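Undergrad: can you look at this prediction? I've put the sequence above it.
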Amino acid sequence: MFMNPKVFNNLWREMDGFRQEVDRLIGRQVLSGHGAAPALNVWEDENAFYVEADLPGVAANNLEVTVKEGNRLTISGERKASEPANSVWHRQERFAGAFTRELTLPTPVDADKVEAKFEHGVLKLTLPKSESARPRRIAVQGQ
Amino acid sequence: MAEQVLKERESGVGDQADTGVVARPRVDILETDQEVLLLADMPGVRPADVDVRFENGELTIHGRRTPSHLGKKRFQWEYEPTHYHRAFRLTEDVAADKIQAELKNGVLTVRLPKAEAAKPRKIAVKGE
């Protein structure tokens, strides 16, 4: 039997995703009570990775996005609590405070060409894959 | 003072829900002398796709989210709500015709002004 590297890779990604989800849930609900990291969805195609993070109520100027070492994406920021004067809390489920989320992409991206948009409380990033990581069609020359 | 003004109603999904994942949005509920304030996280929902109803003392909030990047290959997946839905029963008298709702940056704010009868009143005590 041989191990199909592609299947193995997918499984590993899945497990890693699961672990991060557990970390996120524990971080959010048990340990800190604040500083919750946003949930992330990531897509890819031949040219780029597309990352979306739910950050409702975060002001765009309180957000910071960095790419380090070619493929390490960090999203950090802060959500300010809004509390009117002389109010009584009945329920408080929304987090407030600082958060950080890090994601390692499988291939390097072109950090200079990353685009970030913030729409309806969702941060949308487009991270073009670096030239060397893109699939390439090699012309086969006959004789 | 801190008794429940908005009691959550356990409910199925409203009739607008088609297929898709329904999430309970996280909410904050605050009360002042003048109003009850509800904040709900509905990231990705446009103002046109949110529905706030108040009927028979019951507040229902519903938002629909359009999935992005359909057809692209998923790399990592942590959430997929296409609907946000939650319902509350109000125990406080509110002025139904003065309820205001606003959706900004993915946060729905519903202001429910208290009915005159429910507002605290300072009673002047007359001396002789």
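TA: Yep, that arrived.
Undergrad: tell me which helix or strand the most centrally placed residue in chain B sits in.
TA: Closest to where the C-alpha atoms of chain B average out (CA atoms, centre = their mean) is B:I61, at 4.8 Å. For B:I61, the enclosing helix or strand under DSSP states H and E is strand B:58-64.
Undergrad: backbone dihedrals for B:K119, please?
TA: According to degrees, to the nearest 10, the main-chain angles of B:K119 amount to phi -70, psi 140.
Undergrad: just checking, what packs against the strand holding B:I61?
TA: strand B:35-41, strand B:50-55, strand B:81-90, strand B:107-113 (3 or more CB pairs under 8 Å, 6 or more residues apart in numbering or on different chains; DSSP states H and E). In short, each C-beta sits where N, CA and C put it, glycine included.
Undergrad: could you dump those strands to a markdown table with distance to B:I29 and mean pLDDT?
TA: Shown next, in a markdown table, are the helices and strands packed on strand B:58-64 (distance: least, CB to CB, whole Å; pLDDT from 0 to 100):
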| stretch | distance to B:I29 | mean pLDDT |
| --- | --- | --- |
| strand B:35-41 | 5 | 94 |
| strand B:50-55 | 14 | 93 |
| strand B:81-90 | 8 | 88 |
| strand B:107-113 | 10 | 95 |
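Undergrad: residue of chain A closest to chain B, please.
TA: With CB to the nearest CB, the shortest gap between chain A and chain B falls at A:G121, namely 1.8 Å.
Undergrad: and that residue, how many residues sit next to it?
TA: A:G121 is flanked by 21 other residues according to other CB atoms under 10 Å in any protein chain shown.
Undergrad: residues in contact with it?
TA: A:54-58, B:41-44, B:105-107 (CB atoms under 8 Å, 6 or more residues apart in numbering or on different chains).
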